[in-house]
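Peer 1: Provide a 3D model corresponding to the input given below.
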Amino acid sequence: MNTPGPHPVPTFDPDRVQAITLDLDDTLWPIWPTIARAEQVLQAWLGEHAPATAALATDRSTLRAVRERVGRERADLAHDLSALRRESIRVLLEQAGDDPALAEPAFEVFFAERQRVELFEDALPALERLSARYPVVALSNGNADVHRVGIGEHFRASISAREFGIGKPDPRIFHAAAHAAGVMPEEVLHIGDDAHLDGVGALRAGMQLAWVNRADHPWEHEPLQPHITINDLRDLCRALSI
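Peer 2: Residues are numbered from 1 along each chain as shown. Okay, the predicted model is just below:
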């Protein structure tokens, strides 16, 4: 009996690329240090304006329980991380006996800090080169704002799951990004780090995929395969001859 060989890697075709769609979190910057810092800033704000909530929030199991409850009860917000975070803060305020109306200013404190990201070393030089050659569209399930982050000039458009109403890996949000770039999906190269959300989504949408694999994770979505795998965005620029 013949043992089937590995699935063939699709051929990367730079000549077919007419536009770029680009994930943000963990592709251009590491997300968890950013979130951790934003949560520290939020905790300090609560300590000043809602001390009972701040005390409650020091218990990680309580925070986890609140987030799980909100996730269950507000499944309609699954695509909107901002709304989920705001609602979790409101529930926590209510549970602690503080004014739930503080949820909005509390979220704004968190959200402002969330936009203060530290780009990977290769990110900005690559983004400058990519946007000089192609229309680039940000495509994210997260709630980063490319303009508040300070890189908005490099993007033709920005499409988020929150605004679109559907998140990755649904092909429809990828098709919307292609439309925003003014090209067909097969003319797009999607760049992203999440093998499922970015990888499977882009491939099923008919795009070429550049999988950003900074930590050398195995690809676990055969028979689908990325067209090119990189651990540095400068490698992609070289592959595109830009």
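Peer 1: which elements pack onto the helix or strand of the chain with the lowest mean pLDDT?
Peer 2: In the chain, no helix or strand scores lower on mean pLDDT, DSSP states H and E than helix 60-73, which sits at a mean of 89. Judged by 3 or more CB pairs under 8 Å, 6 or more residues apart in numbering; DSSP states H and E, helix 60-73 is in contact with helix 81-96. Bear in mind the C-beta positions are built from the backbone N, C-alpha and C, glycine included.
Peer 1: quick one: contacts of the least confident helix or strand of the chain?
Peer 2: 56-57, 77-78, 84, 87-88, 91-92, 95 (CB atoms under 8 Å, 6 or more residues apart in numbering).
Peer 1: let's see 7 Å
Peer 2: With contact meaning CB atoms under 7 Å, 6 or more residues apart in numbering, helix 60-73 is reached by 56-57, 84, 87-88, 91-92.
Peer 1: likewise stretch 225-242?
Peer 2: Identification of contacts with stretch 225-242 by CB under 7 Å, 6+ apart yields 7, 9-10, 12, 14, 17, 122-123, 125-126, 129-130, 133, 191, 199, 208-214, 216, 219.
Peer 1: just the buried members of those residues?
Peer 2: 12, 17, 122-123, 126, 129-130, 191, 199, 208-213 (16 or more other CB atoms under 10 Å).
Peer 1: angle of the helix ranked longest in the chain against helix 60-73?
Peer 2: With secondary structure taken from DSSP state H, the chain has its longest helix at helix 31-49. Between helix 31-49 and helix 60-73, the angle comes out at 100 degrees (axes from the mean of the first three to the mean of the last three CA atoms, to 10 degrees).
Peer 1: where does residue 26 fall, phi/psi-wise?
Peer 2: Backbone torsions of residue 26, given as degrees, to the nearest 10, read phi 70, psi 0.
Peer 1: next SSE after the longest helix of the chain?
Peer 2: On the C-terminal side of helix 31-49, the nearest following helix or strand under DSSP states H and E is helix 51-57.
Peer 1: buried ones in the least confident helix or strand of the chain?
Peer 2: Going by neighbour count (16+ other CB under 10 Å), the buried part of helix 60-73 is 66-67, 70.
Peer 1: in JSON lines, list those along with distance to residue 42.
Peer 2: Listed next are the buried residues of helix 60-73 as JSON lines, based on distance: CB to CB, whole Å:
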{"residue": "66", "distance to residue 42": "13"}
{"residue": "67", "distance to residue 42": "14"}
{"residue": "70", "distance to residue 42": "16"}
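Peer 1: just the CA coordinates of stretch 14-23, formatted as PDB?
Peer 2: Only the C-alpha atoms of stretch 14-23 are listed here, as PDB (Å, rounded to 0.1, in the frame of the first residue of the first chain):
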ATOM      1  CA  PRO A  14       3.900  37.500  -6.900                       C
ATOM      2  CA  ASP A  15       2.800  38.600 -10.400                       C
ATOM      3  CA  ARG A  16      -0.800  37.900  -9.400                       C
ATOM      4  CA  VAL A  17      -0.700  40.200  -6.400                       C
ATOM      5  CA  GLN A  18      -2.600  43.500  -7.000                       C
ATOM      6  CA  ALA A  19      -3.500  44.300  -3.400                       C
ATOM      7  CA  ILE A  20      -2.700  43.400   0.100                       C
ATOM      8  CA  THR A  21      -5.000  42.600   3.000                       C
ATOM      9  CA  LEU A  22      -3.200  42.700   6.400                       C
ATOM     10  CA  ASP A  23      -4.000  41.400   9.800                       C
END
